[in-house]
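Undergrad: Here is a sequence together with a model predicted from it:
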Amino acid sequence: MVFQRPTPFPGTVRDNLQVAEPALTDAHAVAVLQQVGLEAAFLDRTATELSGGEGQRVCLARTLVTEPEVILMDEVTSSVDPAQRSGLEELARLLATSGVAVLWVTHDLAQMRRVADHVLVVIEGRIAHVSHPIDVDANAPASVRAFLAGEAP
Amino acid sequence: MTSIGWSGFALSLLLVLVAVVVSLWKQLGLERSILWAAIRAAAQLFAIGLLLQVLLRPGVSILWAWLWVVVMVVVASFTVRQRAPEVPGLLQLALIAFGCSAVLTLGVLFGLGVFQLNVRTLIPLAGLMIGNSLAATVLVGRRLVDELRDKRDEVEARLALGQPAHVAAKPYVRGALRTALIPQIETTKAVGLVVLPGAMTGLILAGVSPLNAVLVQAAVMYLVLGSVATTTTVIALGVQRRLFTTDHRLRHLTSARSGR
């Protein structure tokens, strides 16, 4: 899981990746970093000193070390600037097309349209609607359409 | 043997007056507190002294002394709970912690014959052990709760990587234990350097030879070190278990200000 704000552990990026897998080799670590678009040199950087976007990528790399079947990305771009935001969105698309299921949580409808293959609309903790991102409103009940339009329930 | 008598005690009250004068002079507003503290201290000490006098009479069963030890453990546990209300289940944990420590440390001291087991040795040693472990016991509980609350994001991230609760909590448990143990280690290191500690001071005042007095003091320092290590470990492990659910989620933690 990757959270809204980066959650680096104390120590270097390598230390962070080794929390997920203590026996992690440098070769494997570099491969995972490449997967998230970071160079090998990041291994020795102090994780808490990275920028928001880099921090999120490290957190994602850390999750990938555990070879997950599903990755939950919970509003991961809320605390990064627009340039890094598109980088993270592309990363999620890449992971999805390479076969790793990604559950991306967002409240940004534009982002949803850029990133999603399928959309689940969650209202008050329940799945209210399932659809394709392009025409979310189609065939949706009135309450869901109102919710998406920003009207109070 | 040093004895000051009632007249000596009365004269020593002049020292309390020094504190009162400072408070008045500097307008600290603490005069009533100081006087009340002096009165309470005297009253409590007299009560304990009378009780000890009774227990030390020949023919009194040592079971009464053990009962006193149990009372001390209970009072200490309530004190710990009172000083750290935000730590869940602390009363039971403290009872277990002090109980374990008493069994272990007193077991070693009396079981191996370091001290002869009687009323005169049991109560003071148990008192020293419990009294000197109180601060560290409170500290480890508060520190662990604070760490897990402040670093909640990190803990959640560790759990999300698939770590079971006790593995995710390990760095924070370790930190809390170190924070609680290091002061006692430092105290042990520095003993005798500037201040003469209580046990040997008391013995020397009573006419015991300094060599015998310091041997006792050393044993007491080790007693407290062993006790602090035991109580803090029990508290840390117990609190860690209480702060996570059985399905490895971190419970909601209140802050110190809002209490339990």
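TA: Structure's in. What do you need? No experiment lies behind these values; they were computed from the predicted model shown.
Undergrad: who's in contact with stretch A:1-17?
TA: A:19, A:24, A:26, A:29, A:32-33, A:38, A:42-48, A:50, A:52, A:55-56, A:58-63, A:65, A:71-76, A:78-79, B:153-154, B:156-158, B:160 (Cβ atoms under 8 Å, 6 or more residues apart in numbering or on different chains). (C-beta placed from N, C-alpha, C; glycine too.)
Undergrad: Figure out the length between the terminal residues of it.
TA: Across stretch A:1-17, the terminal residues are separated by 14 Å (Cα to Cα, to the nearest Å).
Undergrad: Could you do stretch B:100-115 as well?
TA: 19 Å.
Undergrad: tell me which residues of stretch B:186-195 are tucked away?
TA: residue B:191 (16 or more other Cβ atoms under 10 Å in any protein chain shown).
Undergrad: in what helix or strand does residue 15 lie?
TA: Since you didn't name a chain, this refers to chain A. helix A:13-20 (DSSP states H and E).
Undergrad: wait, chain B
TA: Secondary structure assignment for residue B:15, by DSSP H and E: helix B:5-25.
Undergrad: Count the neighbours of the closest residue to residue B:233 other than its chain neighbours for me.
TA: In space, and not counting its chain neighbours, residue B:233 is closest to residue B:177: 6.8 Å by Cβ to Cβ, 6 or more residues apart in numbering or on different chains. Other residues within reach of residue B:177, judged by other Cβ atoms under 10 Å in any protein chain shown, total 21.
Undergrad: can you pull the contacts of residue B:177?
TA: B:140, B:232, B:233, B:236.
Undergrad: So for the helix ranked longest in chain B, what gets flagged as buried?
TA: Assignment by DSSP state H gives helix B:210-243 as the longest helix of chain B. Judged by neighbour count (16+ other Cβ under 10 Å), helix B:210-243 contains these buried residues: B:213-214, B:216-217, B:220-221, B:223-240, B:242-243.
Undergrad: that older thread, widest-spaced pair of the contacts of residue B:177?
TA: Across the contacts of residue B:177, the longest distance by Cβ to Cβ is 8.4 Å; it joins B:140 and B:233.
Undergrad: so what pLDDT did residue 86 get?
TA: Picked chain A for this. We have a pLDDT of 90 for residue A:86.
Undergrad: You answered for a different chain; I wanted chain B.
TA: pLDDT, residue B:86: 88.
Undergrad: Also residue B:59?
TA: Note on residue B:59: pLDDT of 86.
Undergrad: rewinding a little: how much distance is there from the helix holding residue B:15 to the middle of the chain?
TA: Relative to its parent chain, helix B:5-25 has a centroid offset of 28 Å by Cα atoms, centre = their mean, to the nearest Å.
Undergrad: what ranges of chain B fall below the confidence cut-off?
TA: By pLDDT under 70, the low-scoring segments of chain B are B:1, B:255-260.
Undergrad: could you redo the last one with a cut-off of 90?
TA: Across chain B, the ranges flagged by pLDDT under 90 are B:1-5, B:58-60, B:86-88, B:190-198, B:252-260.
Undergrad: sorry, back to before: in the helix holding residue B:15, what counts as buried?
TA: Result for helix B:5-25 [16+ other Cβ under 10 Å]: buried residues B:16, B:19, B:20, B:23.
Undergrad: Is residue A:71 located within a strand, as I assumed?
TA: Yes. Assessed by DSSP: H, G, I helix; E, B strand; the rest coil, residue A:71 belongs to a strand.
Undergrad: On the strand side of things, show who it bridges to.
TA: Beta-bridge partners recorded for residue A:71 (DSSP bridges): residue A:102.
Undergrad: okay, now the domains of chain B?
TA: Chain B resolves into domains spanning B:1-55, B:62-258 when parsed by automatic domain parsing.
Undergrad: Report the distance from the last one to the chain centre.
TA: Relative to its parent chain, domain B:62-258 has a centroid offset of 7 Å by Cα atoms, centre = their mean.
Undergrad: hey, where'd the strands end up in the chain?
TA: Since no chain was named, I'll use chain A. Under the criterion DSSP state E, chain A carries strands at the ranges A:70-74, A:101-105, A:119-123, A:126-131.
Undergrad: mind giving me JSON lines with those strands and columns for mean neighbour count and mean pLDDT?
TA: Shown next, in JSON lines, are the strands of chain A (neighbours: other Cβ atoms under 10 Å in any protein chain shown; pLDDT from 0 to 100):
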{"stretch": "strand A:70-74", "mean neighbour count": "17", "mean pLDDT": "92"}
{"stretch": "strand A:101-105", "mean neighbour count": "16", "mean pLDDT": "94"}
{"stretch": "strand A:119-123", "mean neighbour count": "15", "mean pLDDT": "89"}
{"stretch": "strand A:126-131", "mean neighbour count": "13", "mean pLDDT": "85"}
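Undergrad: looking at those, which is closest to residue B:50?
TA: Judged by Cβ to Cβ, the one of these that comes nearest to residue B:50 is strand A:70-74, at 64.9 Å.
Undergrad: Check the gap between residue B:157 and chain A for me.
TA: Distance, residue B:157 to chain A, by Cβ to the nearest Cβ, to the nearest Å: 4 Å.
Undergrad: Buried ones in the helix or strand bottoming out on mean pLDDT in chain A, by neighbour count?
TA: In chain A, the helix or strand scored least confidently by mean pLDDT, DSSP states H and E is helix A:142-148, which has a mean of 82. Of the residues in helix A:142-148, A:144, A:147, A:148 count as buried by neighbour count, 16+ other Cβ under 10 Å.
Undergrad: burial measure for residue 65, as a count.
TA: All of this is about chain A. Using other Cβ under 10 Å: residue A:65 sits among 19 other residues.
Undergrad: should've been chain B
TA: Residue B:65 has 21 neighbours, counted by other Cβ under 10 Å.
Undergrad: From chain A, how far out is the closest residue to residue B:231 other than its chain neighbours?
TA: Spatial nearest neighbour of residue B:231, excluding adjacent residues (Cβ to Cβ, 6+ apart): residue B:97 at 4.1 Å. Look at residue B:97 and chain A: by Cβ to the nearest Cβ, they are 29 Å apart.
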